[in-house]
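Visitor: Next input, structure requested:
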Amino acid sequence: MSTVVADRLRSPRGPDAASSGPRTYSRAKWLGILGIALGVLAFFIAIPPLTVRTAIPSYVIALASAGLGVVAIRAGEKRVGYGAVVAAVVGALGAYGATRSGVTNLEVVVAWGAIAASMLRERKIVVARLQRLGVHIVEAHHERIGTELVNAYLGLKRRNLL
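Guide: Down below sits the predicted model:
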């Protein structure tokens, strides 16, 4: 297991959070998580690029998802269990709708994802052009924007650009 994944699986368990070790999930919780993933998969196989034109495979996957959810609920993992059951229902309903819709309609919907990706590429081009023109751009994750903005301001001030 990679260190990033292992670090994300760590869970504080009280005052000795540092010595608590990696988070361990019960078997029931893992089954519930798998059920949620299968519910998502039940819908995913019915939309482009896969477009299975019958909902039966999605229904089978959704049934397995719901079954795993029930197992998790009976073992006491209610949150992930009910999450798996809901994912199964949504996946089956989404697959039903997708298989009843024409492939061209689905491709139009999925094309919006391609448009969003194109807009991100265009954004990078615009940012590069603005930087060539001397515009100082601050890009940061939303959690760090304040810190990065202050750092950029202080850097500009230090170089006497303000």
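Visitor: Domain map for this protein?
Guide: What automatic domain parsing lists as the domains of the chain is 26-101, 103-162.
Visitor: Next secondary structure after the least confident helix or strand in the chain by mean pLDDT?
Guide: Every helix and strand in the chain was compared by mean pLDDT, DSSP states H and E; the lowest is helix 3-8, with a mean of 50. With elements assigned by DSSP states H and E, the helix or strand that comes after helix 3-8 is helix 27-44.
Visitor: Name the residues of that next one that are buried.
Guide: By neighbour count on 16 or more other C-beta atoms under 10 Å, the buried set for helix 27-44 is 28-29, 31-36, 38-39, 41-44. Every C-beta, even on glycine, is put in place using the N, C-alpha and C of the backbone.
Visitor: can you give me the helices in the protein?
Guide: Applying DSSP state H to the chain gives helices spanning 3-8, 27-44, 56-74, 78-100, 103-132, 145-158.
Visitor: pLDDT of the longest one, averaged?
Guide: The predicted model assigns helix 103-132 a mean pLDDT of 78.
Visitor: Quick one: list the elements packing against that helix.
Guide: Contacting helix 103-132 under the criterion 3 or more C-beta pairs under 8 Å, 6 or more residues apart in numbering; DSSP states H and E is no other helix or strand.
Visitor: Of the domains of the chain, which shows the lowest average pLDDT?
Guide: domain 103-162 (a mean of 83).
Visitor: List the buried residues in stretch 58-74.
Guide: 58-59, 61-62, 64-73.
Visitor: do the same with stretch 119-134
Guide: By neighbour count on 16+ other C-beta under 10 Å, the buried set for stretch 119-134 is empty.
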